[in-house]
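> model the structure of this input:
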Amino acid sequence: MSNSDLASTQFFKTIDTESYMAISMTGFGSADAQWESWSCQVEIRSVNQRFLDIRCRLPLGFQTLETDFKKQIKAACTRGKVDCSIRLEKGEGEEKLKLNHERAKIFTDLLTEFEELSGRKVNVEARDLSSINIIEENKSGDPPEECENVIRESLAKAIEGLEEMKLREGQAMHDDIKTRLVSCGKIVNKIEKLSQEEPGRYRERLQERLAQLQDGTKLNPERLEQEIALLADRLDITEEVVRFRTHLEHMDDILAQREVGKKAEFLMQELNREVNTIASKSNHAEISQASVEIKSELEKVREQLQNIE
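Residues are numbered from 1 along each chain as shown. From the prediction side, this is the model:
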């Protein structure tokens, strides 16, 4: 491996994975908890979005907790669309309907009195009892205040699961980005080597053409070298290569930060700018092809960066 190849890979190996901070915007977390006959299920999903948008669906009677819950989720997410669903259900063993004993006694007395006066037997069905509120909804089925602790406990666990998944996704994307940027560094080394051969190739082609056009006139060697020197100056890509490598190193630093977005986006623009300049300075077919390969890798990196917070 050449020194330039070694340089293109070594700076990526210095990443401290313990302090790695790149996090995906895509994730999922869920948790369940129990309190007496009540069960709570919390699910949190996050997907890509430029800004942070948190939406919560809470059980009836707990809507006042939405602001507090959004603050907790915001501490774990800086960008993306986040949907949080919280369900609270009572166990099957609890009756959902009950008999209103006071109304039932009044109705029974009235019914007995009516039958005695009319001499007729009245048949009563369950739906009749419901229509006059003798059979009614069991209000004790409403969740008690103690369920708030169950909801908070479940939410905290779901957020923890969401963060873990986002971190795993981020690590996978980071590894892919790192691999592609290392590849870009190797291709730039190849371009640099090819560009150093360009003046010699041009000298040979120029000498061949002049030899074909000469009619016995002696060629001025100094004039030839001057033309070659001017061309070499126009073809020189040293500055572009140096800047490209510097941008790669800066990208490595940015990927280790908590917020990647705008800084990485700017560097991607600069990397593409340098590649375009390199390609425009050369007529070498291999350099043109290598430039296309770099731009292809950078586009894939750009797509991955859009998934990182």
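> what's the residue lying closest to residue 306 once chain neighbours are set aside sitting at in phi/psi?
Leaving aside its chain neighbours, residue 306 sits nearest to residue 48 (6.6 Å; criterion: C-beta to C-beta, 6 or more residues apart in numbering). Where you see a C-beta, it was placed from the backbone N, CA and C, and this is true even at glycine. Backbone torsions of residue 48, given as degrees, to the nearest 10, read phi -70, psi 140.
> residue 48 and residue 191: what is the separation?
33 Å (C-beta to C-beta, to the nearest Å).
> neighbour count for the two, which is higher?
The neighbour comparison of residue 48 against residue 191 (other C-beta atoms under 10 Å) goes to residue 191, with 27 against 14.
> can you name the helix or strand that the more buried one falls in?
Under the criterion DSSP states H and E, the helix or strand holding residue 191 is helix 147-213.
> check the offset of that helix from the chain's centre.
How far helix 147-213 lies from its chain's middle: 17 Å, per C-alpha atoms, centre = their mean, to the nearest Å.
> repeat that for stretch 27-35.
With C-alpha atoms, centre = their mean, you get 22 Å for stretch 27-35.
> contacts for stretch 56-69?
The contact list for stretch 56-69 (C-beta atoms under 8 Å, 6 or more residues apart in numbering) reads 70, 73, 83-88, 142-143, 147-148, 151, 155.
> which of the residues you listed fall within helices?
Using DSSP state H, the members of the contacts of stretch 56-69 that fall in helices are 70, 73, 147, 148, 151, 155.
> confidence-wise, which of the residues you listed comes last?
Lowest pLDDT of the ones in helices among the contacts of stretch 56-69: residue 147, 83.
> now the residue found closest to that one once you drop the neighbours it is linked to in the chain, what are its backbone angles?
Closest residue in space to residue 147, ignoring its immediate chain neighbours: residue 38 at 5.5 Å, by C-beta to C-beta, 6+ apart. With angles defined as degrees, to the nearest 10, residue 38 sits at phi -100, psi 140.
> what's the burial count for residue 38?
Residues within reach of residue 38, counting by other C-beta under 10 Å, total 20.
> ok, it touching residue 87?
No - between residue 38 and residue 87 there is no contact under C-beta atoms under 8 Å: 10.8 Å.
> buried members of the contacts of stretch 56-69 into PyMOL, please.
To isolate the buried ones among those in PyMOL, judged by 16 or more other C-beta atoms under 10 Å, type:
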select buried, resi 70+73+84+86+88+143+147+148+151+155
